[in-house]
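**Q** Quick one: sequence plus predicted model below, questions after.
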Amino acid sequence: MAKRPRTLDAFFAPPPAKKQHIDPTPSENGNTTTRPPTAPPHTDEQPQSTHPTYPFPIPHLPASLTSPLHSAPATPPQVLNNHPDLDILYYKPYIPARTATALFHHLRRSLPFYRVEYTIKRGTIETEVNTPRFTTVFGLDSSAVFSPHDGKPLDAKTRNPLAPGSYRCRPRPIPQCLSHLLAHTERTTDSKFNFALVNYYASGSDSIAFHSDSESFLGPDPTIASFTLGSSRDFLLKHKPTPSNHSSETKAMKLPLASGDMLLMKGQTQRHWLHSIPKRKGPGGDGGRINITFRRALSKAGTENYYRYNVGDAGGDGGQVYKWDDARGTMRPWKPSGGPGVESSSRPDGVEHA
Ligand SMILES: O=C(O)CCC(=O)C(=O)O
Ligand SMILES: [Fe+2]
């Protein structure tokens, strides 16, 4: 199939086979809510977030998931500032356990995921990286906003349409199933976020290497809220190397993150600390864990970076989409026709250089 040209028209052309676009109600953040027109009010069918950039509509959270959030956080946070430059609030949990499990299943079933591959060049040597986890991202940096009318990015100051080519990627508005938790987190933490990055660790073989999220497009000392849903995983933290080589650089701290937990990383944490989710050997639950981070990107470079590394850049729309298959209990490649996906291939686990 020919690649779609990267023009604004192509960007906002309606997706090919979406038959059930009905009663569209523009939402504040640029996506559109659709409801079946003939559905009686008591139907179980949930409204959905839709947008030309979504591979498929994304169901809203049911009230059974939004109402328990009203009483979150379930506990006051523990303050982790007993090491040099560390500034973290640890909500253990933020979301009560049963709601966190239900939210995990809802999001795993609803979101499009990717397995992004990219090359890095060090000197003359090129290395292929296979991101060792599923990822997806929604959001737009603060230089632009989604039009509430047609979902196109507009200049944040003038509210005029952006010049064609302003973004290489095709930014996606945050769907209701994530924006509800985002807004709740903003109120609790007195912070502002415009991005939701989602990782899905399918098993103990999925991981994220030591890195810091000290990206310049987040500003000097960013506040990042990081949620765990589903299986528990160890979160390791260690200080970046310094001349004094103190113990927090050599011995990592381990936080055993459980479903519903939230870490609010703030102050100089990203500047001075690295974090990772190491691979885990042996059995343990079904291994599935979702991580959501809410962040605030300040410039277009942030938007480009987040889509490049969490959706991929094949034709601006990302690469192969994966969707959770409930019957098989696995992520499967997803095809727009709605037909059966191609068989999943097992991929070698790349070394990640984040
Ligand atoms: O999965 C996690 O808890 C950490 C994810 C993370 O560090 C990231 O996406 O930058
Ligand atoms: Fe991170």
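**A** It's in. Ligands and ions are numbered 1, 2, ... in the order given.

**Q** Touching, E186 and N194? I think so.
**A** No: at 10.2 Å, E186 does not count as touching N194 under the criterion of Cβ atoms under 8 Å. C-betas here are computed from N, CA, C, even on glycine.

**Q** Around ligand 1, which positions in the stretch 151-300 of the chain sit nearby?
**A** Contact residues (Cβ under 6 Å from any ligand atom) of the stretch 151-300 of the chain with ligand 1: L197, N199, I208, D213, S226, F235, H275, I277, N291, T293.

**Q** out of E186 and N194, which sits in the busier spot?
**A** The neighbour count for E186 versus N194, taken as other Cβ atoms under 10 Å, is higher for N194 (21 against 15).

**Q** need the contact list for the more buried one.
**A** Residues in contact with N194, defined by Cβ atoms under 8 Å, 6 or more residues apart in numbering, are G139, L140, D141, S142, R295, R296, A297.

**Q** of the residues you listed, closest to ligand 1?
**A** R295 (8.8 Å; Cβ to the nearest ligand atom).

**Q** Find the residue closest to that closest one in space, skipping its chain neighbours.
**A** Nearest residue to R295 in three dimensions, chain neighbours excluded: F195, at 4.7 Å (Cβ to Cβ, 6 or more residues apart in numbering).

**Q** Could I get the pLDDT score of the one you found?
**A** Looking at F195, its pLDDT stands at 98.

**Q** Quick check, it in contact with N305.
**A** No: F195 is beyond contact range of N305, at 10.4 Å (criterion: Cβ under 8 Å).

**Q** So for these two, which sits in the more crowded spot?
**A** F195 (23 against 18).

**Q** any idea how far R295 is from S226?
**A** Using Cβ to Cβ, to the nearest Å, we find R295 at a distance of 9 Å from S226.

**Q** What secondary structure category should be reported for the residue in the chain positioned nearest to ligand 1?
**A** Per Cβ to the nearest ligand atom, N291 is where the chain lies closest to ligand 1, at 3.1 Å. Three-state call for N291 (DSSP: H, G, I helix; E, B strand; the rest coil): strand.

**Q** quick one, phi/psi of the nearest residue to it once chain neighbours are set aside?
**A** Distances taken as Cβ to Cβ, 6+ apart place N199 nearest to N291, at 4.3 Å, with adjacent residues excluded. With angles defined as degrees, to the nearest 10, N199 sits at phi -110, psi 140.

**Q** Would you quantify the distance from N199 to A156?
**A** Using Cβ to Cβ, one gets 28 Å for the distance from N199 to A156.

**Q** and what of R170?
**A** 18 Å.

**Q** T330 too?
**A** Taken as Cβ to Cβ, the span from T330 to A156 is 40 Å.

**Q** So in terms of bridging, what pairs with F138?
**A** Beta bridges link F138 to A196 when assigned by DSSP bridges.

**Q** That one: neighbouring residues, count only.
**A** Neighbours of F138 using other Cβ under 10 Å come to 31.

**Q** mind listing the strands for the stretch 51-200 of the chain?
**A** For the stretch 51-200 of the chain, applying DSSP state E, counting those that start in this stretch gives strands covering 58-59, 78-80, 88-91, 117-122, 125-130, 134-139, 144-146, 153-155, 195-201.

**Q** any idea which of those is most buried?
**A** Of these, the one with the most neighbours on average (mean count of other Cβ atoms under 10 Å) is strand 134-139, at a mean of 25.

**Q** on that earlier part again, using a markdown table, please lay out the strands of the stretch 51-200 of the chain together with distance to Y322.
**A** A markdown table is the format used below for the strands of the stretch 51-200 of the chain (distance: least, Cβ to Cβ, whole Å):
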| stretch | distance to Y322 |
| --- | --- |
| strand 58-59 | 14 |
| strand 78-80 | 34 |
| strand 88-91 | 29 |
| strand 117-122 | 13 |
| strand 125-130 | 14 |
| strand 134-139 | 6 |
| strand 144-146 | 25 |
| strand 153-155 | 26 |
| strand 195-201 | 9 |
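
**Q** can you tell which of these is closest to M265?
**A** strand 88-91 (5.4 Å; Cβ to Cβ).

**Q** one step back: in the residues of the stretch 151-300 of the chain next to ligand 1, find the pair that's most separated.
**A** Maximum pairwise distance among these (Cβ to Cβ): 15.4 Å, between L197 and F235.

**Q** Give the full set of residues in contact with F227.
**A** Going by Cβ under 8 Å, 6+ apart, F227 touches Y94, I95, L181, G260, D261, M262, I290, N291, I292, T293.

**Q** Look at the last one and report its pLDDT.
**A** T293 is assigned a pLDDT of 98 by the prediction.

**Q** Would you check that my belief about it contacting A225 is correct?
**A** Yes: if you go by Cβ under 8 Å, T293 and A225 touch, sitting 6.8 Å apart.

**Q** For the stretch 201-350 of the chain, just list every one of the helices.
**A** 247-250, 269-272, 300-310 (DSSP state H, counting those that start in this stretch).

**Q** Just put those in a markdown table and tack on mean pLDDT.
**A** Formatted as a markdown table, these follow (pLDDT from 0 to 100):
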| stretch | mean pLDDT |
| --- | --- |
| helix 247-250 | 87 |
| helix 269-272 | 98 |
| helix 300-310 | 97 |
